[in-house]
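> here's a sequence, model it:
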Amino acid sequence: MEGSSDRECDTTLNKANAIVQGIMKKIKPTIDGKRRRDTVLRYVRHKVQSIDKSLLVSAYGSWPLRTFLPKSDVDIVVIGNIGLQDIKHVFEEDSEFRNVITHGSGTDAEILRFFVGRMQVDLCVNHDDGLASNLFMEMVNRIFMRNNLFKESILLVKAWSSIEAKILAPGLLTSYSIQVMVMHVLLNLPGKNVTPFEVFKRFLETYSRFDWDKLAMGRRGVIKLYEVNDLQTAYTGHPEFDLLTPCLEYCASETNSGKPPVCKKDGFVKADMNIIDPINRFKNLAYKVTRPRLKKGDYKVNKPDNMRSNEKTRASNDMPGG
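Residues are numbered from 1 along each chain as shown. The predicted structure is shown next:
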């Protein structure tokens with residue numbers, strides 16, 4: 001009976017992996033999607049450098065990381081001696097750009113949001129944290145390798161987060177915070193032959209029971225909430241992170257990440273969810289998330305109903321006399 005149960009489990013897992021592979025084919029970045037984004041970047045770069053050719057214009061976020069969904073926007077940063085309003089003025093004069101607005105203030109970096117055709121663009125100035133986080137995530141991907149398991153897992157979780165769970169949205173979780181959450185799942189997932197579906201399943205299991213009232217996701221793993229401002233505790237944990245130490249130090253030194261924001265004198269700002277940015281211990285990646293805005297007061301990541309029902313069935317079968 002036990003062998004039969006194992007075979008059924010393997011069959012179910014194989015079916016689930018096959019379904020996920022079908023989903024991945026639909027949501028993976030395509031050549032056309034990359035080409036359209038390349039065109040947008042070249043166009044924006046041309047407009048910005050018409051002001052000053054020495055300005056660096058670069059993409060960051062899910063696009064260069066190749067973890068963007070079909071409808072994802074394009075994140076662009078301009079590095080150089082220029083202000084956001086100077087760039088906004090140039091764009092507003094061009095009828096090709098629609099609805100040029102300034103978005104974000106206070107603890108957020110101000111961004112310029114507009115459309116090139118049907119592609120949304122978010123542009124910021126001298127905010128190089130995004131470039132540093134991209135470098136860091138590429139290093140994480142190299143550690144896990146396994147045929148881009150890390151990036152494919154991010155894509156799967158993002159697809160679920162934006163389409164079904166609705167937690168990947170303004171005022172909730174960002175793409176980068178989800179990347180960090182997936183990274184922590186992979187660091188604690190044993191075995192070499194792991195699939196994106198298994199990472200997704202563990203993601204749901206981990207965060208559906210995570211006690212955000214008492215715990216936080218530290219730089220290297222789970223820590224007590226009262227320890228978030230403890231440098232030693234926040235920066236210790238999984239041994240595989242030692243491979244990333246040089247990269248983390250480089251990212252912090254090359255950006256503004258290692259410094260606390262001027263308006264945050266008490267260091268890390270606690271919220272209903274607390275996820276420490278691996279390259280900036282003062283930054284809470286989930287500081288915008290509030291309980292009412294995330295699942296009507298239940299701010300845990302919830303499992304799909306069919307997964308919960310399957311687990312109940314499995315539990316009843318494991319009970320004596322079941």
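
> doesn't I82 belong to a strand?
No. Under DSSP: H, G, I helix; E, B strand; the rest coil, I82 falls outside any strand and is assigned coil.

> ok, it - contacts?
With C-beta atoms under 8 Å, 6 or more residues apart in numbering as the criterion, the residues that contact I82 are 51-52, 55, 125. All C-beta atoms are positioned from the backbone trio N, CA, C, and that covers glycine.

> and it, its phi and psi?
For I82, the backbone dihedrals are phi -160, psi 160 (criterion: degrees, to the nearest 10).

> from K25, how far off is it?
Applying C-beta to C-beta, to the nearest Å, the value for I82 to K25 is 41 Å.

> one step back: most surrounded residue in the contacts of I82?
The most crowded member of these, judged by other C-beta atoms under 10 Å, is V125 (22 neighbours).

> just checking, it touches V77?
Yes. V125 is in contact with V77 according to C-beta atoms under 8 Å; the separation is 7.3 Å.

> tell me where the protein has strands.
56-60, 74-79, 97-103, 111-116, 119-125, 215-217, 222-224, 276-277, 280-284 (DSSP state E).

> got the angle for the fifth one vs strand 74-79?
Angle between the axes of strand 119-125 and strand 74-79 is 20 degrees (criterion: axes from the mean of the first three to the mean of the last three C-alpha atoms, to 10 degrees).

> what are the buried residues along strand 119-125?
Of the residues in strand 119-125, 119-125 count as buried by neighbour count, 16 or more other C-beta atoms under 10 Å.

> what does the last one give?
Of all the residues in strand 280-284, those buried under the rule 16+ other C-beta under 10 Å are 280-284.

> average pLDDT for that strand?
The average pLDDT within strand 280-284 is 85.

> just checking, what packs against that strand?
Secondary-structure packing of strand 280-284 (3 or more C-beta pairs under 8 Å, 6 or more residues apart in numbering; DSSP states H and E): strand 276-277.

> now the strand it packs on: mean pLDDT?
Rounded mean pLDDT across strand 276-277 is 89.

> what strands flank it, and is each parallel or antiparallel?
Next to strand 276-277 in the sheet, as set by DSSP bridges, lie strand 280-284 (antiparallel).

> tell me where the stretch 51-200 of the chain has helices.
62-65, 84-92, 129-144, 149-163, 175-187, 196-208 (DSSP state H, counting those that start in this stretch).

> any regions of the stretch 51-200 of the chain where pLDDT drops low?
The stretch 51-200 of the chain contains residues with pLDDT under 70 at 95-100, 103-108, 145, 165, 169-171, 191-192.

> N14 - how many residues pack around it?
11.

> ok, back up a step: format the contacts of I82 as a markdown table; extra columns: distance to I154.
Below are the contacts of I82 laid out as a markdown table (distance: C-beta to C-beta, whole Å):
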| residue | distance to I154 |
| --- | --- |
| I51 | 35 |
| D52 | 35 |
| L55 | 30 |
| V125 | 27 |
